[in-house]
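*Asks:* Following is a predicted model, sequence given first.
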Amino acid sequence: MTTPEALDWSVENCTIARAMAVLGERWTLVVLREVFSGIRRFDDMRKRTGIPRQVLTARLAMLVQRGVLRREPYREPGARLRHEYRLTSMGLELWPVLVAVLEWGDRHLADPEGSPLTTVHRDCGAEVRAVLHCAAGHEVANPRDVVPRPGPGAHRRVPVG
């Protein structure tokens with residue numbers, strides 16, 4: 001049996017691992033779902049999701065610190081200054097990720113009556129789907145049609161021992 005070529009390459013600077021350091025915690029994508037849905041205020045997020053206060057505070061702070069969200073001040077009449085959370089351009093780029101996760105969940109985890117959420121194109125009302133295309137414009141529907149290869153930032157792995 002031959003060993004996979006991927007074993008020759010280091011994963012120390014893997015951008016998937018770096019992205020998961022930001023996105024991989026249980027509540028992070030739920031927080032992003034809320035902001036994408038127009039729920040931008042802390043108390044509204046807590047009420048809708050049931051995320052514990054300390055967890056939500058930590059998630060929001062991390063997403064702001066990492067540049068995914070930004071804080072915008074607001075003040076209700078007679079109340080103290082508070083903040084709501086808005087997506088940055090970096091955060092907006094996560095929309096296809098959420099659509100792909102939604103589609104996967106709909107296929108494998110939805111209740112018998114179907115998904116509780118649908119995403120549609122604002123202009124025509126048609127359902128939005130995550131679709132992969134290669135740089136030449138071909139749709140790539142089968143994961144087996146994709147071959148991972150070392151990229152320009154790849155480093156050969158230094159054998160241990």
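*Replies:* Looks like it came in fine.
*Asks:* Tell me how many other residues crowd L56.
*Replies:* Neighbours of L56 under the rule other Cβ atoms under 10 Å: 20. C-beta here means a position set from N, CA and C on the backbone, and glycine is covered the same way.
*Asks:* how about the strands in the chain?
*Replies:* Listed in chain order, the strands of the chain (DSSP state E) span 69-74, 82-87.
*Asks:* Neighbouring strands of the first one in the sheet, and parallel or not?
*Replies:* Translated: strand 69-74. Strand pairing for strand 69-74, using DSSP bridges, gives strand 82-87 (antiparallel).
*Asks:* Quick check: closest non-adjacent residue to V31.
*Replies:* R59 (5.0 Å; Cβ to Cβ, 6 or more residues apart in numbering).
*Asks:* I should have written T57 there, sorry.
*Replies:* In space, T57 is closest to F42, 7.8 Å off (Cβ to Cβ, 6+ apart).
*Asks:* List the contacts of R48.
*Replies:* E34, I39 (Cβ atoms under 8 Å, 6 or more residues apart in numbering).
*Asks:* That one and S115, how far apart?
*Replies:* In this view, R48 and S115 are 17 Å apart by Cβ to Cβ, to the nearest Å.
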